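Undergrad: Using only what follows, build the 3D model:
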Amino acid sequence: MSDLITQDAHAKHGKAVRSEIRRAYEDYRLTAFDILAVAHDMPAACTVTARLHRASGPSATVSLRWIREDAKAYPKPDPWPGEWRLCTWEPWHLFAHASN
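TA: I've put the predicted structure just below:
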């Protein structure tokens, strides 16, 4: 998952990004997930609605905000070089806005 988060999150956590994500999700282990919808809100941004099935706890429907950015963290729509990156990855954020 650490390879999927934005450049800003990598800059914030530095070399500890992988351990930070692992620690954050320690109590939120997933057994499965289903992608329910993808809404392309802008050329370089989308919202993915997914159903997350947790090992301990109820399943939840969450919204995942993605942006397509270049190596300098600037938004870049197709056809320019870039990669889709997850903006909101913290479990407290995802599950605070979740519906069951």
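Undergrad: Quickly find the element holding V48.
TA: When elements are assigned from DSSP states H and E, V48 belongs to strand 45-54.
Undergrad: what packs against that strand?
TA: If contacts are counted by 3 or more CB pairs under 8 Å, 6 or more residues apart in numbering; DSSP states H and E, strand 45-54 sits against strand 30-42, strand 60-69. (Glycine included, C-beta is placed from N, CA and C.)
Undergrad: If we use 10 Å, what do you get?
TA: Applying 3 or more CB pairs under 10 Å, 6 or more residues apart in numbering; DSSP states H and E, one finds that strand 45-54 contacts strand 30-42, strand 60-69, strand 83-86, helix 91-96.
Undergrad: Just the CA trace of the longest one, in CSV.
TA: When you say that, I think you mean strand 30-42. Extracted C-alpha coordinates of strand 30-42, given in CSV (Å, rounded to 0.1, in the frame of the first residue of the first chain):
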residue,chain,number,x,y,z
LEU,A,30,-8.9,-6.9,5.6
THR,A,31,-10.1,-10.3,4.5
ALA,A,32,-11.5,-9.1,1.2
PHE,A,33,-12.7,-6.0,-0.7
ASP,A,34,-15.1,-5.2,-3.5
ILE,A,35,-14.9,-2.2,-5.8
LEU,A,36,-18.5,-0.9,-6.2
ALA,A,37,-17.9,2.2,-8.3
VAL,A,38,-15.3,4.5,-9.8
ALA,A,39,-16.3,8.2,-10.4
HIS,A,40,-13.8,10.3,-12.4
ASP,A,41,-14.5,13.6,-10.8
MET,A,42,-11.8,15.4,-12.8
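Undergrad: what about R23, helix or strand, and which?
TA: Here R23, judged by DSSP H and E, is contained in helix 17-24.
Undergrad: Return the alpha-carbon coordinates of that helix using PDB.
TA: C-alpha atoms of helix 17-24 as PDB (Å, rounded to 0.1, in the frame of the first residue of the first chain):
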ATOM      1  CA  VAL A  17       6.200   5.300   5.600                       C
ATOM      2  CA  ARG A  18       5.900   1.500   5.300                       C
ATOM      3  CA  SER A  19       6.100   0.900   9.100                       C
ATOM      4  CA  GLU A  20       3.700   3.900   9.700                       C
ATOM      5  CA  ILE A  21       1.100   2.300   7.300                       C
ATOM      6  CA  ARG A  22       1.500  -1.100   8.800                       C
ATOM      7  CA  ARG A  23       1.100   0.300  12.300                       C
ATOM      8  CA  ALA A  24      -2.000   2.300  11.300                       C
END
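Undergrad: Good, wrapping up.
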